[in-house]
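Chemist: fold the following.
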Amino acid sequence: MDICRALIRLLALCLSVLLSDMNKVQAIEWPQAAPTATIKNQAVTEIVDGDTLMLASGKEVRLVGIQAPKLPLGRAGFEKWPLAGESRRTLQTLTAGHTVSLHFGGRREDRYRRYLAHLTLPDGTWIQGDLLATGMARVYSFKDNRKLISEMLALERTSRQDRRGIWALPYYRIRNPSETWNDIDSFQLVEGRVVDAARVRNVVYLNFGPDWRTDFTFRIGRSALRLFERADIDPLTFSGRAVRGRGWIKLQNGPLIEITHPEQLEVLSE
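Modeler: All right, here's what the predicted structure looks like:
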């Protein structure tokens, strides 16, 4: 029992230091070239979780471009992700006593009729940027909402290098392709070297092993390839390169992530 109590005290101390370090991050300002606010000075009435809140108008807002650790929120059998409570409290602390302004850079509502918006405080603090910088969220982008992804990736990268927040925990570590069999039906960052980049009709496959039936793959479909072409990126040139991608892992001839837009993939420097 003494050993258990000592371990609990040690974990509590580590968490205290972790949260203390997070508070040292300088507030992230809204990029000047980014979209101006469309809906201004809205009072926040409730924090649902680390990336969702309610406005006094009754409208729910999903903070676009990020994914914070998830709470069960009444879902049967759903296990709370590590630091979900801390992420929610971080968003609560950021918005407490303030109004928020909504900036739209793509699709404005999701299928649940929630606003999909970037949020700023009256002093110009960018909420998404702050959550990424403190390690309380990771980048989670969609093809119809691609504004500021490069800026968010940069903030996430620095936070990860400094092991802030979620990046100090093995639960959120970047996966290597060979271990993704254990991560089916979950959102992950996967990093490795492309063994082969192949085009089959209108689809490009980035394979990370010699057997496409069992090895991990990034799949880039026809509509996504159009976006790659517009960005002047040829994914066939990724063969032999180290890349990092993100998305939901599904099972299709082995673990696979569907790539819908170029920002999901980062080519890593050698």
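Chemist: now do the helices in the stretch 151-270 of the chain.
Modeler: 222-230 (DSSP state H, counting those that start in this stretch).
Chemist: what are the ranges of the strands in it?
Modeler: For the stretch 151-270 of the chain, applying DSSP state E, counting those that start in this stretch gives strands covering 187-193, 196-200, 203-207, 217-220, 242-251, 255-259, 265-267.
Chemist: thought W126 was touching L132?
Modeler: No - contact status for W126 versus L132: not in contact, 9.2 Å apart, counting by CB atoms under 8 Å. C-beta: built from backbone N, CA, C; applies to glycine.
Chemist: out of these two, which sits in the busier spot?
Modeler: L132 (30 against 24; other CB atoms under 10 Å).
Chemist: quick one: low-confidence parts of this structure?
Modeler: 1-24 (pLDDT under 70).
Chemist: and with 90 instead?
Modeler: Along the chain, segments meeting pLDDT under 90 span 1-27, 32-35, 74-78, 211-213, 269-270.
Chemist: which residue is nearest the centroid of it?
Modeler: V139 (2.5 Å; CA atoms, centre = their mean).
Chemist: pretty sure that residue sits in a strand.
Modeler: Yes - under DSSP: H, G, I helix; E, B strand; the rest coil, V139 sits within a strand.
Chemist: re earlier: mind putting the strands of the stretch 151-270 of the chain into a markdown table with distance to Q161?
Modeler: Converted to a markdown table, those look like this (distance: least, CB to CB, whole Å):
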| stretch | distance to Q161 |
| --- | --- |
| strand 187-193 | 14 |
| strand 196-200 | 28 |
| strand 203-207 | 25 |
| strand 217-220 | 23 |
| strand 242-251 | 13 |
| strand 255-259 | 23 |
| strand 265-267 | 14 |
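Chemist: need the ones you listed in a markdown table (columns: mean neighbour count and distance to G58).
Modeler: Converted to a markdown table, these look like this (neighbours: other CB atoms under 10 Å; distance: least, CB to CB, whole Å):
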| stretch | mean neighbour count | distance to G58 |
| --- | --- | --- |
| strand 187-193 | 19 | 29 |
| strand 196-200 | 14 | 48 |
| strand 203-207 | 20 | 43 |
| strand 217-220 | 24 | 40 |
| strand 242-251 | 17 | 30 |
| strand 255-259 | 22 | 34 |
| strand 265-267 | 17 | 38 |
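Chemist: and W167, which of those is closest to it?
Modeler: Nearest to W167 among the strands of the stretch 151-270 of the chain is strand 187-193; the distance by CB to CB comes to 10.3 Å.
Chemist: and the closest one, what does it pack onto?
Modeler: Here strand 187-193 touches strand 242-251, going by 3 or more CB pairs under 8 Å, 6 or more residues apart in numbering; DSSP states H and E.
Chemist: give the pairing partners of the strand it packs on; include direction for each.
Modeler: Sheet pairing of strand 242-251 (DSSP bridges) gives strand 187-193 (antiparallel), strand 255-259 (antiparallel), strand 265-267 (antiparallel).
Chemist: tabulate the ones you listed (JSON lines), appending distance to N176.
Modeler: Output for the strands paired with strand 242-251, formatted as JSON lines (distance: least, CB to CB, whole Å):
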{"stretch": "strand 187-193", "distance to N176": "6"}
{"stretch": "strand 255-259", "distance to N176": "11"}
{"stretch": "strand 265-267", "distance to N176": "15"}
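Chemist: beta-bridge partners for the residue nearest to the centre of the chain, please?
Modeler: Per DSSP bridges, the residues bridged to V139 are I66.
Chemist: quick one: it from I66, how far?
Modeler: Relative to I66, V139 is positioned 6 Å away (CB to CB, to the nearest Å).
Chemist: between those two, what contacts are shared?
Modeler: Residues touching both V139 and I66 (CB atoms under 8 Å, 6 or more residues apart in numbering) are 132, 152.
Chemist: that older thread, what's the closest of the strands paired with strand 242-251 to S101?
Modeler: strand 187-193 (28.0 Å).
Chemist: which ones are touching the residue nearest to D196 when sequence neighbours are not counted?
Modeler: Distances taken as CB to CB, 6 or more residues apart in numbering put N207 closest to D196, at 4.7 Å, once the chain neighbours are dropped. Residues in contact with N207 (CB under 8 Å, 6+ apart) are 194-198, 215-217.
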